[in-house]
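Participant: the amino acid sequence is not available; the structure is as follows:
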């Protein structure tokens with residue numbers, strides 16, 4: 001059984017939180033508030049953020065050779081989402097989730113593929 005590194009586990013946790021937060025806030029909070037929060041471009045950004053988080057978690061979880069590239073894109077989208085949500089206000093949960101996720105994905109994007117994912121593989125049967 002190959003295990004993921006602590007760094008990868010932390011990233012997966014942050015990715016899950018960010019996915020859930022962005023998706024939920026876009027579909028409930030932003031639509032209920034209306035106005036600029038419900039602007040199509042803003043909603044698309046939030047759903048893009050939720051989707052890239054889910055995809056990045058999948059790539060990390062299956063130890064894809066492309067996980068670092070997808071993690072780097074995830075950083076860019078999460079940072080953009082955090083900035084936009086902060087500008088609009090009343091979206092502190094989203095801003096926090098996106099910033100935390102961006103930081104965790106930045107660590108993954110900078111790491112070596114083998115060390116980031118295979119920390120426990122040496123102990124596999």
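Facilitator: Everything's here; your move. Only a predicted model underlies this, so the values are computations on that prediction, with no experimental measurement involved.

Participant: what count of nearby residues applies to residue 103?
Facilitator: Residue 103: 15 surrounding residues under other Cβ atoms under 10 Å. Yep, even glycine has a C-beta here, placed from its N, CA and C like the rest.

Participant: quick one: it and residue 51, what's the gap?
Facilitator: 19 Å (Cβ to Cβ, to the nearest Å).

Participant: check residue 68 too.
Facilitator: In terms of Cβ to Cβ, residue 68 sits 19 Å off from residue 51.

Participant: out of these two, which sits in the busier spot?
Facilitator: The neighbour comparison of residue 68 against residue 51 (other Cβ under 10 Å) goes to residue 68, with 19 against 14.

Participant: what sits closest to that one if chain neighbours are left out?
Facilitator: Nearest residue to residue 68 in three dimensions, chain neighbours excluded: residue 109, at 5.2 Å (Cβ to Cβ, 6 or more residues apart in numbering).

Participant: likewise residue 98?
Facilitator: residue 82 (3.8 Å).

Participant: and what of residue 47?
Facilitator: residue 26 (5.7 Å).

Participant: got phi/psi on residue 91?
Facilitator: The phi/psi pair for residue 91 (degrees, to the nearest 10) reads phi -140, psi 40.

Participant: just checking, it touches residue 81?
Facilitator: No - using Cβ atoms under 8 Å, residue 91 is not in contact with residue 81; the gap is 9.5 Å.

Participant: show me which of those two is the more surrounded one.
Facilitator: residue 81 (31 against 26).

Participant: element containing the more buried one, please.
Facilitator: Assigned by DSSP states H and E, residue 81 belongs to helix 67-88.

Participant: immediately after that helix, which helix or strand?
Facilitator: Using DSSP H and E, the first helix or strand after helix 67-88 is helix 92-110.

Participant: which residues does that next one contact?
Facilitator: 7-8, 10-11, 13-15, 17-18, 21-22, 25, 46, 49, 53, 56, 60, 67-69, 71-72, 74-75, 78-79, 81-82, 85-86, 116 (Cβ atoms under 8 Å, 6 or more residues apart in numbering).
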